[in-house]
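Q: my questions concern the predicted model and sequence given below.
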Amino acid sequence: MSPVRVFVLDDHEIVRRGLVNLLSGAEGLEVVGEASTAAEALHRIPAVLPDVALLDVMLPDGSGIDVCREIRSRFPQVSCLMLTSYDDDEALFAAVMAGAAGYLTKQIRGAQLVPSIREVAAGGSLLDPALTRRLLDRIRTAAEPAPLDPMLAQLTDREREILELIADGRTNRQIGERLYLAEKTIKNAVSTIFDKLGLQRRTQAAVYADRLRARRPDRP
């Protein structure tokens, strides 16, 4: 079988070199690129198209979560595995919404990291659905959106469908494939939805979608 091709993004050179050396020495893995900034990663990842992108969350010029969102939107075949020094609920939820397949802290041992990369490359997920639900509940409780009915009444049936797919963590491209629409059409629709609901982030959209589902008469 072909080796799992991995890209490493971390702004700390010592950490990055350690990861590259660890993964290069693991059977069945091949490091095909590395970067220290979000800008470098967004330039280099499309050139090598790895199976798995191992992304540091905190970067000097942005966030690995933003890199994940962009890469997953443009290249859904690339799985993203987030690696961070902090166990942050909000960052974890943002990673889920960006389409990450996993979220690990740097306290993980090398013996655990390698099989985690293999699992993600095989299409698996290292995200706990129960934890995702807990985060959604916490965000909803901490910041209730505006009254539901007047806001959601502005949406068309298609826009409500797109809103729920956003809450499932799907990228614009994946939503387009699901609904047989162009990615640009979905992008424009998402902007319209955000304008109507007064939203700025996809995490906020997930809160609305969760409440919308709770009101459906066919909800189990």
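A: On my side now, so go ahead.
Q: what comes up buried for the helix or strand containing P115?
A: Using DSSP states H and E, the element containing P115 is helix 110-121. Buried residues in helix 110-121, counted by 16 or more other CB atoms under 10 Å: 113-114, 116-121. In this view, the C-beta of every residue, glycine as well, is placed from N, C-alpha and C.
Q: nearest to L42, of these?
A: Ranked by distance to L42 (CB to CB), the buried residues of helix 110-121 are led by V120 at 19.8 Å.
Q: separation between that closest one and A101?
A: According to CB to CB, to the nearest Å, V120 and A101 sit 5 Å apart.
Q: could you do A91 as well?
A: 15 Å.
Q: and if you look at V67?
A: 14 Å.
Q: show me where pLDDT drops low in this structure?
A: Filtered on pLDDT under 70, the chain yields the residue ranges 87-90, 127-151, 169, 200-204, 207, 210-220.
Q: and A91 and A101? which has more neighbours close in?
A: A101 (24 against 18; other CB atoms under 10 Å).
Q: for stretch 3-12, list the C-alpha coordinates in CSV.
A: This file holds the C-alpha atoms of stretch 3-12, laid out as CSV (Å, rounded to 0.1, in the frame of the first residue of the first chain):
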residue,chain,number,x,y,z
PRO,A,3,2.4,5.4,2.5
VAL,A,4,0.2,8.0,4.2
ARG,A,5,1.4,11.4,3.0
VAL,A,6,1.6,14.0,5.8
PHE,A,7,2.1,17.7,5.9
VAL,A,8,3.2,19.4,9.1
LEU,A,9,2.4,23.0,10.1
ASP,A,10,3.9,24.3,13.4
ASP,A,11,5.5,27.7,14.0
HIS,A,12,8.0,26.4,16.6
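Q: off-centre distance for the helix holding P115?
A: 18 Å (CA atoms, centre = their mean, to the nearest Å).
Q: for L49, grab the count of nearby residues.
A: For L49, using other CB under 10 Å, the count is 15.
Q: if we can go back for a sec, can you pick out the most distant pair from the buried residues of helix 110-121?
A: Top of the distance list for these (CB to CB): L113 and A121, 12.6 Å.
Q: quick one: the strands in this structure?
A: 4-9, 29-35, 52-56, 58-59, 62-63, 79-84, 102-105 (DSSP state E).
Q: pick the most buried one from these.
A: strand 52-56 (a mean of 27; mean count of other CB atoms under 10 Å).
Q: pull the CA atoms of that strand into CSV?
A: Extracted as CSV, the C-alpha positions of strand 52-56 are listed here (Å, rounded to 0.1, in the frame of the first residue of the first chain):
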residue,chain,number,x,y,z
VAL,A,52,-3.4,14.3,6.2
ALA,A,53,-2.4,17.9,7.3
LEU,A,54,-1.2,18.0,10.9
LEU,A,55,-2.0,21.6,11.8
ASP,A,56,-0.9,23.7,14.9
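Q: what's that strand in contact with?
A: Strand 52-56 is contacted from outside by 4-12, 15, 19, 23, 41, 45, 64-65, 67-68, 71, 78-84, 100, 117, 120-121, using CB atoms under 8 Å, 6 or more residues apart in numbering.
Q: rerun that using 7 Å as the cut-off
A: Strand 52-56 is contacted by residues 4, 6-11, 19, 45, 64, 67-68, 71, 78-84, 117, 120-121 when judged by CB atoms under 7 Å, 6 or more residues apart in numbering.
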